[in-house]
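1. I'll drop the sequence and a predicted model, then ask my questions.
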Protein chains: 2
Amino acid sequence: MSSTELEELRVKITDLDTHLLTFLAQRQQYTNQVAETKIKNHIPVRDQKREEKLLIRLIKEGNKHGLDAHYVTQLFHVIIEDSVLNQQALLAARANPGSSLPLNRVAFLGDKGSYSYLATQKYFSRRPGELLEIGCQSFLEIIKKVESNEADYAVLPIENTSSGSINEVYDQLQHTHLSIIGELTYPIKHALLVNQDTDVSKIKTLYAHPQVFAQCSHFLAELGNVEVKPCDSTSAAMLKVAEMQADDVAAMGSETGGKLYGLHAIQSNLANQKENHSRFFVVARKPVNVPLQVPAKTTLVMSTVQKSGALVEALMVLRDNKINMTKLESRPITGNPWEEMFYIDVEGNVQDGPMQQALEELQAMTRYFKVLGCYPNEEINPTKVAAVSALAD
Amino acid sequence: MSSTELEELRVKITDLDTHLLTFLAQRQQYTNQVAETKIKNHIPVRDQKREEKLLIRLIKEGNKHGLDAHYVTQLFHVIIEDSVLNQQALLAARANPGSSLPLNRVAFLGDKGSYSYLATQKYFSRRPGELLEIGCQSFLEIIKKVESNEADYAVLPIENTSSGSINEVYDQLQHTHLSIIGELTYPIKHALLVNQDTDVSKIKTLYAHPQVFAQCSHFLAELGNVEVKPCDSTSAAMLKVAEMQADDVAAMGSETGGKLYGLHAIQSNLANQKENHSRFFVVARKPVNVPLQVPAKTTLVMSTVQKSGALVEALMVLRDNKINMTKLESRPITGNPWEEMFYIDVEGNVQDGPMQQALEELQAMTRYFKVLGCYPNEEINPTKVAAVSALAD
């Protein structure tokens, strides 16, 4: 009786969700039309003043319906982010005629289920054309695939919130003619993946990438007497465990990825540091033309003489040209104690006057200088409104 | 002409958003009814198997409408999280009759606009009753307000992704009879906040909490010649800048908080480390009774003799009782090099058999042992489904 009551409610919810999806699809069609009018009239994609008004109205209206302000804000941040990213993708496609391929051949690290695979899926889900995934064993192999036209794009991890910049990828990008044409971030969440539903205490052998073991050292300490087997990639670990079909083995990696091997998570959030994201670059043979209506980022690599003054001078060039820096990381150059290498991301478009000015000045004052690419900024900063209580009145 | 075209589209979008809100409010009513049937029939709040089916269906359906799987997943993670948190709050209120107050007097650090203030707003927005905010100057003052019944609850920051556990708060909690009755996490994002729209290069003086300066050292290095003025809290910095009404001063803190002082952000995401969350405990005079249908967490503090064996033995007690640990942090005890203090969070309810067994064993083997509280787990782990391509087929 009461279980039918629950069932009836669930049918109603399912019905409602279908309506929600139709509305969201309709909304996306409208915002794509908005993008078209913005292209015609050279209007910037984002209008945070309008977004703010929109959010305030929605919060007040939601409040009348008993929806709390945080919920409404969170939900519409997702909706607005999707709308902005879609509009940006549309404008970028329009500014680069011929760039939309019927088949996107994408090289990435590992195999299906790896974090690079999942990031690739996410990035290209917003782009037209089919996706052909080309799993590779090393960063060098990935770069070579694109250079030799066996792939159109490479998706490369460039930094991680817990382990920092991936110098090897920066090194490869310095020595190739490929360009960064896009970026994305993907959450890294390690789970304990098994074949059958089993208990953690039954696990005798654990397969994972060494980096994953390192990031989950507290969990491993708690686990006690378990044999740890390092694998070349997260996906290799999943494949291994799926093939063994035993109930005393487990892999560590993404829960979403594990599902592709029929594995499921018996424990998640294994990493010591709970907030963990990787940032990826999307790389191609030709640089992309970022329309000025779309917020852009530019990635630079440069080296200066290792005296504190040299870097400050370089940073002053950016400041004086009013260019905002979103990343700065330095590292020593092996075998050359007098120089230092810098990875810098700035907000700006290489087609822009002040940016061109800054790049010229930087080039003149550094020992080594390379623009790795200019691409649409995909870190959509959500529009903030005043705290809840102020609005609920 | 074309700007009216844009206006027309925006009216359509506004209309649609109103419909979306009505549907979401209706959905929340249904899920609250679901909670009622779950209370009656002793059914657990979460059913991840059902959530997985629901998500798969929505992704496939969304796909037909041209909505990409990541977008649908992201959106319904927000919707499901809200539903789960509401149901948990409803069950918890029902299990603690008399706990719902018409007025919640809440003590927190700083003043309106501080991160603790924003976290307080977020937590209590889901709870019935009015909110009375009591800003305090120190953790000790906050605790005293609750002990002396001048406040009903305290909201205390307990750890931060970039700076780790806040030992001072743990110390205070060890020496009080208050209990943890809830938890929440809040994103920490520092922005540059000004009175009028001005340029970063014009800023001569910066006000912020020293911790904020530390977390934004790269930004400060780039800024160059700016005078830095440490304040007692983020909200004090905002107030200062708002009172000065000059265009060469700025505060650093939350953009949402700044709006409460009429300040707006000219630059955001200033922190070196982009992913930054704080976790807060909600504390009250009486422990809360967490119904067994709701996933619970328990926070422990203990000290063991400083030999590696002692901790391993303690962790084995948890493992042998199949209790999952979500946090482990150790710190030396000042002036006592032979002992070590541990902060531990586990998934489990103190009313549960295995948990009581484990707590007894731990108490017997440690030098100091205290349960700081048992509370509903508010870290809602989103249900994962297989990667997109597998579903789009």
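-> Alright, I've got the coordinates.
2. Could you check how far the closest residue to chain B within the stretch 151-300 of chain A is from A:Y115?
-> Closest to chain B within the stretch 151-300 of chain A is A:K259: 3.7 Å, counting by Cβ to the nearest Cβ. Where C-beta positions appear, they are placed from N, C-alpha and C, glycine not excepted. Separation of A:K259 from A:Y115 (Cβ to Cβ, to the nearest Å): 14 Å.
3. for the stretch 251-393 of chain A, which spans come out with low pLDDT?
-> A:306-309, A:334, A:337, A:387-393 (pLDDT under 70).
4. Apart from its neighbours in sequence, what residue is nearest the residue in the stretch 51-200 of chain A that chain B sits nearest to?
-> For the stretch 51-200 of chain A, the residue closest to chain B is A:H65, as judged by Cβ to the nearest Cβ, at 3.5 Å. Counting by Cβ to Cβ, 6 or more residues apart in numbering or on different chains, A:H65 lies nearest to B:A25, which is 3.5 Å off, once chain neighbours are set aside.
5. Give the full set of residues in contact with the one you found.
-> A:62, A:65-67 (Cβ atoms under 8 Å, 6 or more residues apart in numbering or on different chains).
6. In helices, which of the residues you listed fall?
-> A:G62 (DSSP state H).
7. could you dump the contacts of B:A25 to JSON lines with distance to B:P376 and pLDDT?
-> What follows is these, written out as JSON lines (distance: Cβ to Cβ, whole Å; pLDDT from 0 to 100):
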{"residue": "A:G62", "distance to B:P376": "24", "pLDDT": "92"}
{"residue": "A:H65", "distance to B:P376": "25", "pLDDT": "90"}
{"residue": "A:G66", "distance to B:P376": "21", "pLDDT": "87"}
{"residue": "A:L67", "distance to B:P376": "21", "pLDDT": "91"}
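8. Taking the contacts of B:A25, tell me the two that lie furthest apart.
-> A:G62 and A:G66 (8.1 Å; Cβ to Cβ).
9. Do a quick rundown of the helices in chain A.
-> Using DSSP H, helices in chain A cover A:2-41, A:48-64, A:69-95, A:115-125, A:139-147, A:167-174, A:210-215, A:217-223, A:234-244, A:255-259, A:308-320, A:353-365, A:388-392.
10. quick one: low-confidence parts of the stretch 101-250 of chain A?
-> In the stretch 101-250 of chain A (pLDDT under 70), no residue qualifies.
11. circling back: neighbour count for A:K259 and A:Y115, which is higher?
-> A:Y115 (28 against 21; other Cβ atoms under 10 Å in any protein chain shown).
12. right, and the more buried one touches A:P157 too?
-> Yes - A:Y115 is within contact range of A:P157, at 7.4 Å (criterion: Cβ atoms under 8 Å).
13. so what sits against both of those two?
-> Going by Cβ under 8 Å, 6+ apart, residues that sit against A:Y115 and also against A:P157 are A:S278.
14. Of A:G62 and A:G66, give the one with the bigger neighbour count.
-> Using other Cβ under 10 Å as the criterion, A:G62 and A:G66 rank with A:G62 on top: 25 against 10.
15. mind listing what the more buried one touches?
-> A:G62 touches A:68-69, A:71-72, B:21, B:24-25, counting by Cβ under 8 Å, 6+ apart.
16. So among the residues you listed, which ones count as buried?
-> A:68-69, A:71-72, B:21, B:24 (16 or more other Cβ atoms under 10 Å in any protein chain shown).
17. Just name the closest of the residues you listed to A:S3, please.
-> Using Cβ to Cβ as the measure, the one of the buried ones among the contacts of A:G62 that approaches A:S3 most closely is B:L24, at 26.0 Å.
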